[in-house]
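Asks: sequence-free structure coming up:
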């Protein structure tokens, strides 16, 4: 199976099929720190990323935003002292799409490649 980080987002339109149960289960098996939560009736992939301080959390949120711009798919980000909560879902279908799995996997890759604190 190809890793989600190796895939690209596709244009998603209203009526696009949501991610299958099998795709979601495979993603969660490969990325166990993510959970599926329902907010306002919409399933969302959610993960909290811990950091040693606010500056590190903010730097990570900026990297996630840059990734989102490159891929054309955008999360909800909550930046707090020492943590960033990332939520992925597809607004157009009010559900999880394969793009959300791809972006969550790429978010994990950013974390493993990212320094723990910004450069002085």
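Replies: Perfect, I can see it now. What you see is a predicted model; the values in this text were computed from it and never measured.
Asks: Work out for me the element the closest residue in space to residue 10 that isn't next to it in sequence sits within.
Replies: For residue 10, ignoring the flanking residues on the chain, the nearest one in space by Cβ to Cβ, 6 or more residues apart in numbering is residue 99 at 6.6 Å. (Each C-beta comes from the backbone N, C-alpha and C, glycine too.) Per DSSP states H and E: residue 99 is located in helix 98-113.
Asks: Check residue 45 too.
Replies: strand 42-50.
Asks: ok, and for the very next helix or strand once past that strand, which residues are buried?
Replies: Downstream of strand 42-50, the first helix or strand assigned by DSSP H and E is helix 54-71. In terms of neighbour count (16 or more other Cβ atoms under 10 Å), helix 54-71 has its buried residues at 56-61, 63-64, 67-68.
Asks: ok, so of these, who is nearest residue 28?
Replies: residue 64 (19.5 Å; Cβ to Cβ).
Asks: any idea how far that closest one is from residue 16?
Replies: In this view, residue 64 and residue 16 are 23 Å apart by Cβ to Cβ, to the nearest Å.
Asks: Can you get me the start-to-end distance on stretch 38-45?
Replies: 9 Å (Cα to Cα, to the nearest Å).
Asks: Flag every buried residue along it.
Replies: For stretch 38-45, using 16+ other Cβ under 10 Å, the buried residues are 43-45.
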